[in-house]
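**Student:** From the sequence below, what's the structure:
(one chain, ligands or ions: 1)
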Amino acid sequence: MKYATFHYLTLLKLRKAFLDANYYNKRVYFNTEVAELPKIKLEFSNEYSKAKLFVENINLNKDIGDVNISFALDNFIVDRAYLSNNELYYIFEIYDSNIDQQLKFNTIWDLKKQSSQLDDYTLLIDKSISISLHGTLLVGQTGSGKTYALYSLILQMLTKNIVYNIYFADPKNSSLAVLGERLSQENTATDIEDIIKLLQTFNEAMEARKKDIKKDLGTKLEATYADFHYEPYIFIFDEFASFQTVLQTMDKKKRDEVMKLLSQVVLQGRQLGFFIWIVMQKSDATLLPTNLRENLPVKFVLGNAEKQTYTTAFGAGVDIPEKEFSLGQGVFTCPIVASTPKICHFSYLDFDILEAVNLLKPELGFCRNPSSGTQ
Ligand SMILES: Nc1ncnc2c1ncn2[C@@H]1O[C@H](COP(=O)(O)OP(=O)(O)OP(=O)(O)O)[C@@H](O)[C@H]1O
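**Tutor:** Next up is the predicted model:
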C-alpha cells in the first residue's frame, strides 16, 4: 500500500516536472490546445529499493536532462540514464539512497568470506557491484578514498585461490609503497628509474605469457588467460601525474620508451591477464595521454569531482548522477556492467590494513590468525 501511494505520487510529480520543463507535445483537441506528456512507467525490483523508470521518447527537440527528474523522485537517485535500444523510451535506473550500498568489514575474515563467494578473477565493489579484472583508471581528489579503494581490492586479491602478481609504483613513496614493500619488495618501486625498470620487468613477464598462452589459444581462439587459469598480473601506478611531470623533463627517447611500455600493456594485456591500474587526482589530458585513457576499460571517479574531470574520464555529454558523494563513493564505467557512469561505493574497512596483510600472508609478518583453524 505504501509503495502504491509512492508510485502514484511519484508519477504525478514527474508529470508536473515534465509540464514545468515544457517537455511535451502540443496537440489541438476540439479547438483547445492540450499538452501531451510522455507516457511514464515505473517498475520496482529488489523489494522496492531499486526501480526502472521508463519515459516515452516523444521525439522533442529538447534535452530530457532539463527536466528535474531527481526532484520528483524524493530519496530515489538516478543511477544511470540511457535511451532504450529501440529508442522508444528513456530509461532511468533509480535506487533508494536511504539504503546504503556500501559494504562494511570489521575484520579481514569478513572481507575474505564475502570475496570467496565470487570467482577468482572477480572483485567486489559494493553490495550490488562486482567486476572482473580490466585495465583501470582511478581518479579522485585527495582524501576521496582512492587508497582505501585500492586496499579493499588488493586485500581481496590476497584472499583468492590463485596468486595475484601485484606490482606497485608509488612515486610519492606513500602508504601504498609501504603495503607494496610488505607484499613484495622486488615488485615495489618509488624512484622514477626504478619504476621504469619495474615496467620493463612487467612487460617481460607479459612477453613470456604471450608465448605460453599461444599454445592454449590454438585450442580455443576467443579465450583469455582466465579460461586457462593463468595468474593475473596487476601493475598499480599511484600518483601517475607526478611520475609524468618528472618524465616530461627527461629526453624524448626515454619518454617514448615509457609510453611504449605502458601502451603495450594497455593494448595487449586483456587476453594475457596483464592489467595496469592508473591512479591520479585528475584525469587531465596533458598528464594522461588520450590513447592510454581511452584503452583503460574501467574508470572510477571518486568523490565530488570537477566537471572537467568527468569529461576527461568519461567523455563529453555524459550524465553524472546528481549526488553529494561520501568517502569512497563515486561513479564508474565498466564494460557490460556499466556503459554509462553508475554510482558505486567502495567498502568501509574498519581494521588495520597492514595487520590484515600479515594475517593473510603469515610468512610476511609475525602475527598469526587466531582463528586459523576455521579458515
Ligand atoms: N573505505 C574506507 N574505509 C575506511 N576509511 C576510509 C575509507 N576511505 C577513506 N577512508 C579514510 O579517509 C582517509 C582518506 O582516504 P584515502 O587515503 O583513501 O584518500 P586518497 O584519495 O587516497 O587521498 P590521497 O590522494 O591524499 O592519498 C583515510 O586515511 C581513511 O582514514
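
**Student:** going forward, measure contacts between C-alpha atoms and count neighbours the same way
**Tutor:** Will do.

**Student:** Which elements pack onto whichever strand or helix holds residue 91?
**Tutor:** Following DSSP states H and E, one finds residue 91 within strand 89-96. On a contact count with 3 or more CA pairs under 8 Å, 6 or more residues apart in numbering; DSSP states H and E, strand 89-96 meets strand 50-56, strand 76-83.

**Student:** That strand pairs with which strands, and in what direction?
**Tutor:** Here strand 89-96 has these sheet partners by DSSP bridges: strand 50-56 (antiparallel), strand 76-83 (antiparallel).

**Student:** Lowest average confidence across these, which one?
**Tutor:** Mean pLDDT across the strands paired with strand 89-96 is lowest at strand 76-83; the value there is a mean of 79.

**Student:** Grab the nearest non-local neighbour of residue 334.
**Tutor:** Counting by CA to CA, 6 or more residues apart in numbering, residue 334 lies nearest to residue 298, which is 4.6 Å off, once chain neighbours are set aside.

**Student:** same thing with residue 171?
**Tutor:** Looking at residue 171 with CA to CA, 6+ apart, the closest residue is residue 190, at 4.5 Å.

**Student:** for the one you found, what are its contacts?
**Tutor:** Residues near residue 190 by CA atoms under 8 Å, 6 or more residues apart in numbering: 169-173, 177.

**Student:** out of the residues you listed, which are buried?
**Tutor:** 169-171, 177 (16 or more other CA atoms under 10 Å).

**Student:** Helices - which of the residues you listed land there?
**Tutor:** Judged by DSSP state H, helices contain the following of the buried ones among the contacts of residue 190: residue 177.

**Student:** Out of the buried ones among the contacts of residue 190, which two sit at the greatest distance?
**Tutor:** Pairwise distances across the buried ones among the contacts of residue 190 (CA to CA) peak at 8.6 Å, for the pair 171 and 177.

**Student:** list residues touching both of those two?
**Tutor:** Joint contacts of residue 171 and residue 177 (CA under 8 Å, 6+ apart) are 189-190.

**Student:** Can you lay out the strands paired with strand 89-96 as CSV showing distance to residue 222 and mean neighbour count?
**Tutor:** Shown next, in CSV, are the strands paired with strand 89-96 (distance: least, CA to CA, whole Å; neighbours: other CA atoms under 10 Å):
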stretch, distance to residue 222, mean neighbour count
strand 50-56, 34, 20
strand 76-83, 30, 21
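
**Student:** Return the helix or strand in this protein with minimum mean pLDDT.
**Tutor:** helix 69-72 (a mean of 75; mean pLDDT, DSSP states H and E).

**Student:** Dump that one to CSV, restricted to CA.
**Tutor:** Taking C-alpha atoms only, helix 69-72 is exported to CSV below (Å, rounded to 0.1, in the frame of the first residue of the first chain):
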residue,chain,number,x,y,z
ILE,A,69,13.6,14.3,-12.6
SER,A,70,15.7,13.9,-9.4
PHE,A,71,13.4,16.4,-7.6
ALA,A,72,10.3,14.4,-8.4
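
**Student:** neighbours around residue 20, how many?
**Tutor:** When neighbours are counted by other CA atoms under 10 Å, residue 20 registers 13.

**Student:** ugh, wrong one, residue 261
**Tutor:** By the criterion of other CA under 10 Å, residue 261 has 17 neighbours.

**Student:** Looks to me like it is in a helix.
**Tutor:** Yes: under DSSP: H, G, I helix; E, B strand; the rest coil, residue 261 sits within a helix.

**Student:** Around the ligand, which positions in the chain sit nearby?
**Tutor:** Where the chain comes near the ligand, counting by CA under 6 Å from any ligand atom, the residues are 140-149, 327-328, 346-350.
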